[in-house]
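Student: A predicted structure for the sequence below; I have some questions about it.
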Amino acid sequence: MISFELPPNLAELRARVRAFVDEEVLPAEQTILEEDRTRGRATLNALRARARDAGLFVPHLPPEHGGLGLGIMGMCALFREMGRSPVGAACFNCDAPDQGNMDLLLRVASPAIRERWLGPLARGEITSGFSMTEPAPGAGADPSNLRTRATKVDGGWVIEGHKWYTTGGADASFLIVMARTSDDPRTGATMFVVDRHAEGVEHVRDIPVMSPPILAHREAELRYHGVRVTDDAVLGGVGDGFRLAQARLVPARLTHCMRWLGLADRTLALCREYVLTRESFGRTLAHHQMIQKKIADAASGIHAGNLMTIHCASMLERGEAKEARPYSSMAKNHVARLLCQVLDDAIQMHGALGYSEDMPFSLWYRFARAARIADGPDEVHDVVVARDFLRGALTTLV
């Protein structure tokens with residue numbers, strides 16, 4: 001029999017995280033966002049210290065790095081609570097791209113790289129970036145278009161290339177850079193750890209985007225002009241880039257999904273408060289069937305997203321990473337579209353108030369719209385699901 005109940009220890013931990021978000025993060029949310037406009041971190045750092053004192057900091061990392069050693073299921077449960085605020089994950093040092101980069105360094109980095117970068121990153125002393133996407137005609141949704149190239153030299157490599165949408169790249173202390181090391185379609189890419197301030201790393205600009213930046217989510221354009229790295233800067237092995245990208249992105253999609261579900265849940269709770277009190281045409285909005293339809297669709301969509309994400313997480317915990325890939329695509333597409341729809345409906349249900357800055361929905365919507373592009377656009381994930389179904393890989397559906 002399948003159980004959807006969390007183990008008692010994880011249920012208790014989730015309740016603690018939820019309480020911390022309610023009591024500490026939400027009251028400070030606006031201050032953190034205002035400070036971030038000038039790259040201030042005083043309030044965020046104070047909350048991080050309190051999260052550390054509460055034993056809730058970097059819970060995805062093993063105890064020797066200050067965490068709780070949670071598996072992907074535990075991460076999903078906690079990240080959903082953190083995601084109820086756009087700044088929540090950052091307060092626990094679990095935000096993207098740092099969380100995924102920590103996991104990658106922990107698993108495949110050389111001892112020298114872990115010693116130099118992982119400890120400070122886990123302690124929240126520095127930030128990092130993941131530098132893979134390139135302007136056209138380089139790598140985007142199709143990673144085989146990778147143009148940045150690393151050339152072998154005595155004692156290391158020289159990297160030449162042009163990247164953009166390196167999240168947090170301007171302020172990062174180090175970058176994980178995907179570069180081409182051969183023309184083999186399967187093993188032609190390698191990941192390198194690069195000091196952000198190394199000679200030859202140029203920060204061209206922060207790209208103006210639809211959403212105002214929230215914490216580390218400033219999208220940097222970077223150029224690499226003959227950047228030299230040593231051999232121990234290689235993550236995994238030479239030619240492992242595409243494999244490691246998938247290993248990083250599949251669980252990262254799930255942690256994104258849970259954060260997005262947390263924000264969708266908070267949005268729906270605000271809608272409930274409003275429609276139960278706002279009167280229109282002689283009765284509260286909650287009595288109008290068209291409002292009830294929006295509420296029902298949102299509640300059902302959030303529940304479906306929870307189940308899809310938990311199912312995929314359970315596959316990953318069983319070591320079924322390859323089999324989980326199409327299910328992670330299903331979850332990612334469903335939740336990304338759901339969050340945008342829930343926020344759009346929230347604006348509609350609140351009317352002019354929802355469109356104003358007096359409510360947070362317009363900011364959240366601009367932030368959420370990237371969900372349908374980041375970590376693969378909707379269309380690519382639809383292709384993954386359809387292809388795997390047609391070749392019989394989605395066995396749990398039939």
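Tutor: Thanks, I have the structure now. None of the values given here were measured: they were computed from a predicted structure. Numbers count the residues shown, from 1 in each chain.
Student: give me the below-cutoff pLDDT ranges for the stretch 151-300 of the chain.
Tutor: 216 (pLDDT under 70).
Student: now Cys312. Nearest residue, chain neighbours left out?
Tutor: Tyr327 (4.3 Å; CB to CB, 6 or more residues apart in numbering). Quick note: C-beta positions are derived from backbone N, CA and C, even for glycine.
Student: my bad, should have said Ala252
Tutor: Gly100 is the one closest to Ala252 (CB to CB, 6+ apart), at 4.6 Å.
Student: show the average pLDDT along the helix or strand encompassing Arg387.
Tutor: Assigned by DSSP states H and E, Arg387 belongs to helix 378-390. Mean pLDDT, helix 378-390: 95.
Student: name the residues that touch that helix?
Tutor: For helix 378-390, the external contacting residues (CB atoms under 8 Å, 6 or more residues apart in numbering) are 141, 325-326, 329-330, 332-333, 336-337, 372, 394, 397.
Student: mind redoing it with 7 Å?
Tutor: The contact list for helix 378-390 (CB atoms under 7 Å, 6 or more residues apart in numbering) reads 141, 325-326, 329-330, 332-333, 337, 372, 394.
Student: which of those fall within helices?
Tutor: 325-326, 329-330, 332-333, 337 (DSSP state H).
Student: what sits against Ala150?
Tutor: When contacts are counted by CB under 7 Å, 6+ apart, Ala150 touches 157-159, 179, 181, 190, 192.
Student: so Lys294 makes contact with Met349?
Tutor: Yes. With contacts counted by CB atoms under 7 Å, Lys294 reaches Met349, the gap being 6.3 Å.
Student: separation between the residue of the chain positioned farthest from its centre and His288?
Tutor: Most distant residue from the mean C-alpha position of the chain: Gly282, 43.8 Å away (CA atoms, centre = their mean). For Gly282, the distance to His288 (CB to CB, to the nearest Å) stands at 11 Å.
Student: just Ala112 next, same as before
Tutor: 63 Å.
Student: before we move on, the earlier item: the strand or helix carrying the residue nearest to Ala252 packs against which elements?
Tutor: Gly100 belongs to helix 98-108 when assigned by DSSP H and E. Packing partners of helix 98-108 (3 or more CB pairs under 7 Å, 6 or more residues apart in numbering; DSSP states H and E): helix 119-122, strand 128-131, helix 241-275.
Student: any idea which helix or strand comes after it?
Tutor: helix 111-113.
Student: starting at the chain centroid, how far to that next one?
Tutor: Centre-to-centre, helix 111-113 and its host chain are 25 Å apart (CA atoms, centre = their mean, to the nearest Å).
Student: what's it in contact with?
Tutor: Helix 111-113 has contacts (CB under 7 Å, 6+ apart) with 105, 193, 232-233.
Student: redo those as CSV? Include secondary structure.
Tutor: Listed next are the contacts of helix 111-113 as CSV, based on DSSP: H, G, I helix; E, B strand; the rest coil:
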residue, secondary structure
Leu105, helix
Val193, strand
Asp232, helix
Ala233, helix
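Student: just the buried ones from these?
Tutor: 105, 193, 233 (16 or more other CB atoms under 10 Å).
Student: host element of Lys163?
Tutor: strand 156-167.
Student: wait, what's in contact with the spatially closest residue to Met82 that is not a sequence neighbour?
Tutor: Residue nearest to Met82 in three dimensions, not counting chain neighbours: Gly88, with 3.9 Å by CB to CB, 6+ apart. With contact taken as CB under 7 Å, 6+ apart, Gly88 is in contact with 21, 25, 82.
Student: one more time with 10 Å, if that's ok
Tutor: Gly88 makes contact with 17, 20-21, 24-26, 29, 32, 47, 79-82, 94-95, 259, 262-263, 266, according to CB atoms under 10 Å, 6 or more residues apart in numbering.
Student: where does it fall, phi/psi-wise?
Tutor: phi -60, psi -50 (degrees, to the nearest 10).
Student: what's the separation between it and Arg18?
Tutor: Distance from Gly88 to Arg18, by CB to CB: 10 Å.
Student: find the residues that touch each one of those two.
Tutor: Common contacts of Gly88 and Arg18 (CB under 10 Å, 6+ apart): 80-82, 262.
Student: just the ones of the residues you listed in strands?
Tutor: Among the shared contacts of Gly88 and Arg18, no residue falls in strands (DSSP state E).
Student: which among these gets closest to Arg218?
Tutor: Arg218 has its nearest neighbour among these in Met82, at 20.2 Å by CB to CB.
Student: you'd agree that closest one is up against Arg259?
Tutor: Yes. Counting by CB atoms under 10 Å, Met82 touches Arg259, with 6.6 Å between them.
Student: and for those two, which residues touch both?
Tutor: 88-89, 94-95.
Student: about what we covered before: point out the most buried one among the helices and strands packed on helix 98-108.
Tutor: Among the helices and strands packed on helix 98-108, the stretch with the highest mean neighbour count (mean count of other CB atoms under 10 Å) is strand 128-131, at a mean of 28.
Student: quick one: mean pLDDT over that strand.
Tutor: The model assigns strand 128-131 a mean pLDDT of 96.
Student: just the buried positions in the following helix or strand past that strand, please.
Tutor: Counting by DSSP H and E, the next helix or strand C-terminal to strand 128-131 is strand 149-153. By 16+ other CB under 10 Å, the buried positions in strand 149-153 come out as 149-150.
Student: gap between strand 149-153 and the chain center?
Tutor: That offset, for strand 149-153, works out to 30 Å (CA atoms, centre = their mean).
Student: need the CA coordinates for it. CSV is fine.
Tutor: Extracted as CSV, the C-alpha positions of strand 149-153 are listed here (Å, rounded to 0.1, in the frame of the first residue of the first chain):
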residue,chain,number,x,y,z
ARG,A,149,35.1,25.8,-25.6
ALA,A,150,37.8,24.6,-23.2
THR,A,151,41.1,23.7,-24.7
LYS,A,152,43.6,21.4,-22.9
VAL,A,153,47.0,23.0,-22.1
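Student: great, nothing more from me.
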